[in-house]
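Peer 1: Turn this into a structure:
(one chain, ligands or ions: 1)
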Amino acid sequence: MSGLELITVPPAPPPPLRPDVTFSYAALAFLCSWWMQIDAQWIEDEESESSQGGTLLHHAMSSFSTCGKGKELLPEGETTLHALYVQAKLWLVERRGTGRLIGLRSEKAFAYDLATRTARELVDPPGLEGTRWYADKELRPLHGIKPTEWCGRVDLWAWGTDAAGNSVLYLWDYKFHFQPDHLDARAQLEVGALALSRALGITRVIATAVHVWEDRVDDKEVYELGPADLNRIANEVDALARRPANDPQPLDGAHCKARYCPARASCPTTRAAAEDGINLIPAERLAKLPPRRPVGEPATTNDAAAWKLVAADLLEELAKAMRAEGRAYADANGGIVDSEGRVFSGQPQTTEKPDLTVPGAVDVVLAHGGDFAIKEVTTWTALEDEIGKPLALKVREELRKLNALNVSTFPVYKARTPKVEGAKTSRKRAS
Ligand code: SF4
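Peer 2: Predicted structure coming up:
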């Protein structure tokens, strides 16, 4: 042996993971990682109606898998959620009937350790079953999650055999759709399969996305993953975890909005989009503004036009975030005084809608000739169009007596001129 010894240097450990980056962000993570920086500003409490619906449906399906009941977890009257649930339930019943599955399990959380390439199944702490507790920076250390563990839930998995009789692990992920279009679920399925295979010590996984719409289920997005595929995924995840934490460039594209980037209101690309947005202002208006920068390139190529679309999406997000910040400031400080002396604030506004589910309410509307205004959603406008304003007002009062009005209150934000103490308002007829 020569005097030289081979010294192997272990790879540097990956930086701690941002706790709220779960498996469901895998696709976005591979497309752009700027948003994953520990200090990137995320959109607070963003949960769209469809993602709330998706969460409820996942709980309902988990309950159906374990105890045969899930419908009760969905709000009554939400016809879309119920239709999606029925489709998913029928799919699962048929799947179970194949007889090749053993020990079907649902909604289990797993952690994949980026430092050791190992994984484990997590046990939900009491009271936090089925929640994303592993994404909470306070709860993670309390329940023994390491800073380098990437966590997420697997919707459904079971041991089984494939068509040739080989032992295999099946994994399914529900994708509930409220729109006709859908994106592929490959990245999330692959990361879930990697975690599951490492945790359970198996090297063959068949991962399937179960795309559910109100009227159908499509389970043709299937990935058959063997040992080489799982190693390839582990290498990709390694590379992702070791991207320099402070130097990733934002990589914009349709994914910013389509994959719900949580930092799309704050990333440098958004700010660039804001500047680009200035260039969308008509030239005659721009001419009246101080000339601070030249007008940008027109969309004369495919790439430039595609960028305009992305910029417009990002601008919308930026506008939403700015409006929310302004309103929050107004709420906390009793309003915002603008340059005209007006006060911008939120004032509670109450609205009333007819509630024709109350016994006798339909009779009131019919008695006044409003037959055609009676629809799934009956509005005052439809009623006024049909029977005129005076009768519609009468109907409203009669419905009020019957307690057949849905009343809701919400803040309306606008700038108002404050009333001057002691001043009287007088209106003069224009001559
Ligand atoms: S908005 Fe787009 S470019 Fe910016 S961090 Fe998110 S994914 Fe990346």
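Peer 1: which residues in the protein form strands?
Peer 2: 101-113, 118-121, 149-161, 167-176, 205-212, 217-225, 336-337, 343-354, 405-416 (DSSP state E).
Peer 1: residues from the stretch 1-150 of the chain in reach of the ligand?
Peer 2: Within the stretch 1-150 of the chain, the positions lying close to the ligand (Cβ under 6 Å from any ligand atom) are 32, 34-35. Backbone N, C-alpha and C define where each C-beta goes, glycine included.
Peer 1: how about JSON lines for the residues you listed, with distance to Arg400 and neighbour count added?
Peer 2: Below are those laid out as JSON lines (distance: Cβ to Cβ, whole Å; neighbours: other Cβ atoms under 10 Å):
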{"residue": "Cys32", "distance to Arg400": "54", "neighbour count": "21"}
{"residue": "Trp34", "distance to Arg400": "54", "neighbour count": "19"}
{"residue": "Trp35", "distance to Arg400": "50", "neighbour count": "23"}
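Peer 1: Show me which of the residues you listed is closest to Lys308.
Peer 2: Closest to Lys308 out of those is Cys32 (18.9 Å), distances taken as Cβ to Cβ.
Peer 1: What count of nearby residues applies to the nearest residue to that closest one once chain neighbours are set aside?
Peer 2: Among residues not flanking Cys32 along the chain, Leu251 sits closest, at 4.1 Å (Cβ to Cβ, 6 or more residues apart in numbering). Neighbourhood size, Leu251 [other Cβ atoms under 10 Å]: 12.
Peer 1: How is this structure divided into domains?
Peer 2: 23-258, 268-332, 343-416 (automatic domain parsing).
Peer 1: out of these, deepest packed?
Peer 2: Most buried of the domains of the chain by mean neighbour count (mean count of other Cβ atoms under 10 Å) is domain 23-258; its value is a mean of 17.
Peer 1: and that one, average pLDDT?
Peer 2: Domain 23-258 shows a mean pLDDT of 87 in the predicted model.
Peer 1: cool, stretch 396-414 as well?
Peer 2: In this model, stretch 396-414 carries a mean pLDDT of 88.
Peer 1: Distance from it to the middle of the chain?
Peer 2: Averaging C-alpha positions (Cα atoms, centre = their mean, to the nearest Å) puts stretch 396-414 31 Å from its chain's average.
Peer 1: Need the distance between the two termini of stretch 42-53.
Peer 2: One end of stretch 42-53 sits 21 Å from the other (Cα to Cα, to the nearest Å).
Peer 1: same question, stretch 211-219
Peer 2: Taking Cα to Cα, the first and last residues of stretch 211-219 lie 6 Å apart.
Peer 1: OK, now which residue of the stretch 301-431 of the chain is nearest to the ligand?
Peer 2: Nearest residue of the stretch 301-431 of the chain to the ligand: Leu314, at 6.2 Å (Cβ to the nearest ligand atom).
Peer 1: how much space is there between the nearest residue to that residue once chain neighbours are set aside and the ligand?
Peer 2: On the basis of Cβ to Cβ, 6+ apart, the spatially nearest residue to Leu314 that is not a chain neighbour turns out to be Ala273, at 4.0 Å. Between Ala273 and the ligand the computed distance is 9 Å (Cβ to the nearest ligand atom, to the nearest Å).
Peer 1: Put the alpha carbons of stretch 221-231 into PDB.
Peer 2: The C-alpha trace of stretch 221-231 is given here as PDB (Å, rounded to 0.1, in the frame of the first residue of the first chain):
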ATOM      1  CA  GLU A 221     -51.800   8.000 -14.100                       C
ATOM      2  CA  VAL A 222     -49.700   5.100 -12.800                       C
ATOM      3  CA  TYR A 223     -45.900   4.900 -12.000                       C
ATOM      4  CA  GLU A 224     -44.300   1.500 -11.500                       C
ATOM      5  CA  LEU A 225     -41.200   2.200  -9.500                       C
ATOM      6  CA  GLY A 226     -38.500  -0.400  -9.000                       C
ATOM      7  CA  PRO A 227     -35.100  -0.200  -7.100                       C
ATOM      8  CA  ALA A 228     -33.400   1.900  -9.800                       C
ATOM      9  CA  ASP A 229     -36.300   4.300 -10.000                       C
ATOM     10  CA  LEU A 230     -36.400   4.800  -6.200                       C
ATOM     11  CA  ASN A 231     -32.600   5.400  -6.200                       C
END
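Peer 1: Surely Tyr134 touches Gly144?
Peer 2: No. The pair Tyr134 / Gly144 is not scored as a contact, 10.2 Å apart, by Cβ atoms under 8 Å.
Peer 1: For the stretch 251-400 of the chain, list the residues in contact with the ligand, please.
Peer 2: For the stretch 251-400 of the chain, the residues in contact with the ligand (Cβ under 6 Å from any ligand atom) are 251-252, 255-256, 261, 263-264, 267, 269-270.
Peer 1: Swap in 5 Å and give it another go.
Peer 2: 252, 256, 261, 263-264, 267, 269 (Cβ under 5 Å from any ligand atom).
Peer 1: Need the max-distance pair from these.
Peer 2: Asp252 and Ala263 (11.4 Å).
Peer 1: what's Ala392 in contact with, if anything?
Peer 2: 370, 380, 383-384 (Cβ atoms under 8 Å, 6 or more residues apart in numbering).
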